[in-house]
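> need a structure here:
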Amino acid sequence: MTGLINPEIDALLKDTSRSFFLTLEMLPKKIRGQVGLLYLLARVADTIADTKTGSAKHLIETLEKYDSVAQGISNELPELDSVAALQEHDGERRLLGHVDKVISALDKYSEDDQKLIRKCLGIIIGGQTLDLQRFGPANESGSISALNHPDELDDYAYRVAGSVGEFWTSITLAHLINMNSEKESRFFAYGVRFGKALQMINILRDIPEDLRFGRCYIPSDSLESVGISPADLMGAENMEKFRPLYNQLLDVTAGHLDAAVEYVGMLPYTQFRLRAACMLPILIAQNTVNMLREQNVLDAENRVKVSRDEINSLIQKTKRSLLIPGASQKLLKTNRDP
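Below is the predicted model of the structure:
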């Protein structure tokens, strides 16, 4: 893959996005840099928000100061050395040490592209701020807080991921394809659901990890309907009782993934790279959903994950499908129901 932004920023991107980098490599050159830069800017915010120490108030203030600089409102970055020192991931530690250079990379792109990147980043940070207000810092305090209603879960999924689908769609329409207004409206709706699907999978896969840090994204209203509490999700033996609700949430996720398949179907056949970049995360997500239906997600010792060999196989299947009209949609639909 040719350079994205500049060698220093590209290295940060590769260090912090090993799985996403597979998708990024497939994207057309015209939008690769903008998507990669949004990823890095959002990763900075995510790293700050997920810091496992300090007060929620301090982390929220740090996010606000960072967002103010990223939005071009202020030139004064928050103090990040102490946050960087707490990171276990070397790539995230290096990223926090170069935030000024990541923000400066916005200047490489047009004013319209900068607006799209900043709009999406602001929505993501809004979701992370709301998360901190609800749950506090991600530390092992022993207490568990939960979302209350299903609409709060849907709102969160939009803020931190559906908005990325919205951005992806906007940048695609700005640089790669044209559609009439009726098609654009559907394209955006599918794009938002595409993003929500990927976030829902993260939530439904990582329940034990989130609970360990006091966060339950499964709404308490929904849990009460099947006679369990957020604390009950700490026990793998409660999976049978949780399974009906869990399957309902997987069905919602699968519905979002079906919308993502429709999204790919709206892309021009000649956009080979763009179709590939959209297909791979859908295929991995479909496989993950199928695995989650069969396994006990409450078992913290058995995290569900698609293997590297399986991902490589999906990459090859994706590449082969691109050259035959209709083969991409067929692959996506047959992979959903193996």
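
> which residues are in contact with stretch 293-305?
204-209, 212, 233-236, 238-239, 242, 246-247, 250, 288, 291-292 (Cβ atoms under 8 Å, 6 or more residues apart in numbering). All C-beta atoms are positioned from the backbone trio N, CA, C, and that covers glycine.

> which among these end up buried?
Buried members of the contacts of stretch 293-305, scored by 16 or more other Cβ atoms under 10 Å, are 204-208, 212, 233-234, 238, 242, 246, 250, 288, 292.

> can you pull the contacts of Arg215?
Contacts of Arg215 (Cβ under 8 Å, 6+ apart): Asp131, Phe135, Ala138, Ile144, Ser145.

> nearest to Asp154, of those?
Nearest to Asp154 out of these is Asp131 (Cβ to Cβ; 14.5 Å).

> Secondary structure element holding that closest one?
Element membership for Asp131, per DSSP states H and E: helix 111-135.

> In that helix, which residues are buried?
Neighbour-count burial for helix 111-135 [16+ other Cβ under 10 Å]: 113-114, 116-118, 120-121, 123-125, 127-132, 134-135.

> about what we covered before: going by distance to Ile31, which of the buried ones among the contacts of stretch 293-305 wins?
Comparing these against Ile31 with Cβ to Cβ places Thr288 closest, at 25.6 Å.

> Beyond the helix or strand containing that closest one, next helix or strand please.
Assigned by DSSP H and E, Thr288 belongs to helix 272-294. Remark: after helix 272-294, the chain's next helix or strand is helix 308-322, criterion DSSP H and E.

> tell me which strands and helices that next one is in contact with?
helix 272-294, helix 327-336 (3 or more Cβ pairs under 8 Å, 6 or more residues apart in numbering; DSSP states H and E).

> picking that back up, ok, then the element right after the helix holding Asp131?
Past helix 111-135, the next helix or strand by DSSP H and E is strand 145-146.

> what does that next one contact?
Arg134, Phe135, Gly136, Gly214, Arg215, Cys216, Tyr217, Ile218, Pro219, Ser220, Leu223, Pro230.

> Tell me where the model's unsure across this protein.
For the chain, the stretches flagged by pLDDT under 70 are 1-3, 139-141.

> Let me see the domain layout of it.
When the chain is parsed with automatic domain parsing, its domains come out as 1-139, 143-338.

> For the stretch 101-250 of the chain, just list every one of the helices.
Listed in chain order, the helices found in the stretch 101-250 of the chain under DSSP state H, counting those that start in this stretch are 111-135, 150-157, 163-175, 181-205, 207-212, 220-225, 239-265.

> Output these as CSV; include the columns distance to Ala42.
What follows is these, written out as CSV (distance: least, Cβ to Cβ, whole Å):
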stretch, distance to Ala42
helix 111-135, 5
helix 150-157, 15
helix 163-175, 8
helix 181-205, 12
helix 207-212, 19
helix 220-225, 28
helix 239-265, 19
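
> closest one to Glu25 among those?
Between Glu25 and the helices of the stretch 101-250 of the chain, the tightest spacing by Cβ to Cβ is seen for helix 163-175, at 15.6 Å.

> who does that closest one touch, helix- and strand-wise?
Under the contact criterion of 3+ Cβ pairs under 8 Å, 6+ apart, helix 163-175 touches helix 29-49, helix 111-135, helix 181-205.

> need the ones you listed in JSON lines with distance to Leu77, can you?
JSON lines is the format used below for the helices and strands packed on helix 163-175 (distance: least, Cβ to Cβ, whole Å):
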{"stretch": "helix 29-49", "distance to Leu77": "10"}
{"stretch": "helix 111-135", "distance to Leu77": "14"}
{"stretch": "helix 181-205", "distance to Leu77": "28"}
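
> To Lys57, which of the ones you listed lies closest?
Nearest of the helices and strands packed on helix 163-175 to Lys57, taken as Cβ to Cβ: helix 111-135 at 8.7 Å.

> list the helices and strands the closest one packs on?
helix 29-49, helix 56-70, helix 150-157, helix 163-175.

> Alright, I will stop here.
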